[in-house]
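Asks: A predicted structure for the sequence below; I have some questions about it.
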Amino acid sequence: MNRAARVRTALRLRPLSALALALTLVAGGFAAWAGQDWYGAAHDEQAAYAEQRDAALSAGEQAVQNLNTLDHREIQRGLDLWESSTTGELHEQLASGRAEFADQVKEAKTVSTARVLSGAVTELDDRAGRARVLVALRVTVKASDGSKSDKDSRMLGELTRTDGRWKLSALGQAPVGGAPAG
């Protein structure tokens, strides 16, 4: 190839090289920006707080559902679930009254099933490991004669983080309308 042909080839390749260099610089800049943005989001205190709030809500809803669901045919399994969902004074109350309560449920031959309708965290102290939740649920009770009844209720639960898990430490009925809490 003569000198003139090589110059023409080099001039044709320069725009392609310049375009490749420009695209590489743009891609590198985008990668740096995305990496910085990801790092900021991963180390954001608000994201960590939101994660704890979501974990508390999920555990609170599940625990309230657990404590409102019980089948007389699987009473020990149900009561084990109650105890694994709780901590503190509530746990102690359930454990100490377990045998008497099991006898009552077996005698009544009832099956109660709870379904969470909605829930919200009303208070969260992530550092202290304490939270409060409000959970609306529908409890269906099936009696031994086959009759069913549904009851909607709102429960207030207090949660304590124990061994990295949120567990119910108190549970009560939420006031409805202008009625005081009972």
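Replies: Sure, I can see it.
Asks: any idea how the chain splits into domains?
Replies: Each structural domain of the chain that the record assigns through automatic domain parsing is listed here as a residue range: 1-42, 44-173.
Asks: let's have those domains in CSV, adding mean pLDDT.
Replies: Supplementary listing: the domains of the chain in CSV, determined by pLDDT from 0 to 100:
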stretch, mean pLDDT
domain 1-42, 71
domain 44-173, 95
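Asks: quickly compare these and say which is most buried.
Replies: When the domains of the chain are scored by mean count of other CB atoms under 10 Å, the highest mean neighbour count falls to domain 44-173 (a mean of 16). (Each C-beta comes from the backbone N, C-alpha and C, glycine too.)
Asks: paired strands for the helix or strand harbouring L159, with orientation please.
Replies: L159 belongs to strand 148-162 when elements are defined using DSSP states H and E. Sheet pairing for strand 148-162, assigned by DSSP bridges, gives strand 130-142 (antiparallel), strand 165-173 (antiparallel).
Asks: let's have those strands in CSV, adding distance to E92.
Replies: Listed next are the strands paired with strand 148-162 as CSV, based on distance: least, CB to CB, whole Å:
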stretch, distance to E92
strand 130-142, 18
strand 165-173, 10
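Asks: from L159, how far out is the spatially most central residue of the chain?
Replies: For the chain, S58 is the residue whose C-alpha lies nearest the centre (CA atoms, centre = their mean; 2.7 Å). Plainly put, S58 is 11 Å away from L159 if you go by CB to CB, to the nearest Å.
Asks: could you pull out the helices for this protein?
Replies: In the chain, the segments counted as helices under DSSP state H are 3-42, 45-67, 75-84, 88-96, 98-108.
Asks: rebuild these as JSON lines, extending it with distance to P175.
Replies: Listed next are the helices of the chain as JSON lines, based on distance: least, CB to CB, whole Å:
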{"stretch": "helix 3-42", "distance to P175": "39"}
{"stretch": "helix 45-67", "distance to P175": "16"}
{"stretch": "helix 75-84", "distance to P175": "24"}
{"stretch": "helix 88-96", "distance to P175": "20"}
{"stretch": "helix 98-108", "distance to P175": "26"}
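Asks: nearest to L168, out of those?
Replies: Ranking those by proximity to L168 (CB to CB) places helix 45-67 first, at 4.3 Å.
Asks: so what touches that closest one?
Replies: By CB atoms under 8 Å, 6 or more residues apart in numbering, the list of residues contacting helix 45-67 from outside reads 41, 81-82, 85-86, 114-116, 119-121, 124, 126, 131, 133, 135, 137, 155, 157, 159, 161, 165-168, 171.
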